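A.B. asks: when you get a sec, could you give me coordinates for this:
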Amino acid sequence: MLARIWHGVTAAEKADEYLDYLNQTGVPDYLATPGNRGAFTLRRVEGGRAHFLTISLWDSLESIKGFAGEDYERARYYPEDPNFLLEFEQKVQHYEYYANTK
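C.D. replies: I've put the predicted structure just below:
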């Protein structure tokens, strides 16, 4: 299994609104893609900025490509993202996922 990790930054005062937007756009797109095993959103407010990580779990590289396209390392953005994000990272990170549970 693979994990895809995206990072974004908004102004702290837009953090709640952006979280709602993520839950209407990216997260449903992850979950609707065949081969997706789940998606998680993390948020940390630090000073005047809110950092977001989305972590999505995938069966295979092919399933990630079903979401992201052939250039699967490229970040995927949505039309309203410029209203929220302070920067646009071009790449996401991928890791092999190994479950460790209690």
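A.B. asks: going forward, measure contacts and count neighbours with C-alpha atoms only.
C.D. replies: Noted.
A.B. asks: tell me the phi and psi of residue 81?
C.D. replies: phi -50, psi -40 (degrees, to the nearest 10).
A.B. asks: that one - how many residues pack around it?
C.D. replies: By the criterion of other Cα atoms under 10 Å, residue 81 has 16 neighbours.
A.B. asks: now swap in the one 5 residues further on and tell me
C.D. replies: Other residues lying near residue 86 total 14 when counted by other Cα under 10 Å.
A.B. asks: wait, what's in contact with it?
C.D. replies: 8-11 (Cα atoms under 8 Å, 6 or more residues apart in numbering).
A.B. asks: now do the strands in the protein.
C.D. replies: Secondary structure of the chain (DSSP state E): strands at 2-11, 36-46, 49-58, 93-96.
A.B. asks: dump those strands into a markdown table; add mean pLDDT, mean neighbour count and distance to residue 86 as well.
C.D. replies: A markdown table is the format used below for the strands of the chain (pLDDT from 0 to 100; neighbours: other Cα atoms under 10 Å; distance: least, Cα to Cα, whole Å):
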| stretch | mean pLDDT | mean neighbour count | distance to residue 86 |
| --- | --- | --- | --- |
| strand 2-11 | 98 | 20 | 5 |
| strand 36-46 | 97 | 15 | 14 |
| strand 49-58 | 97 | 20 | 9 |
| strand 93-96 | 97 | 14 | 19 |
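A.B. asks: of those, which is nearest residue 83?
C.D. replies: Among the strands of the chain, strand 2-11 comes nearest to residue 83, with 9.2 Å by Cα to Cα.
A.B. asks: which positions within the longest helix along the chain qualify as buried?
C.D. replies: Ordering each helix of the chain by length in residues (DSSP state H) puts helix 15-24 first. The neighbour-count check on helix 15-24 (16 or more other Cα atoms under 10 Å) flags 15, 18, 21-22 as buried.
A.B. asks: could I get it in CSV with only the CA atoms?
C.D. replies: Backbone C-alpha positions of helix 15-24 (Å, rounded to 0.1, in the frame of the first residue of the first chain) are rendered in CSV as follows:
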residue,chain,number,x,y,z
ALA,A,15,-8.4,27.6,8.3
ASP,A,16,-11.9,26.5,9.1
GLU,A,17,-13.3,27.7,5.8
TYR,A,18,-10.4,25.9,3.9
LEU,A,19,-11.0,22.7,5.9
ASP,A,20,-14.7,22.8,4.8
TYR,A,21,-13.5,23.3,1.2
LEU,A,22,-11.1,20.4,1.4
ASN,A,23,-14.0,18.2,2.6
GLN,A,24,-16.0,19.3,-0.4
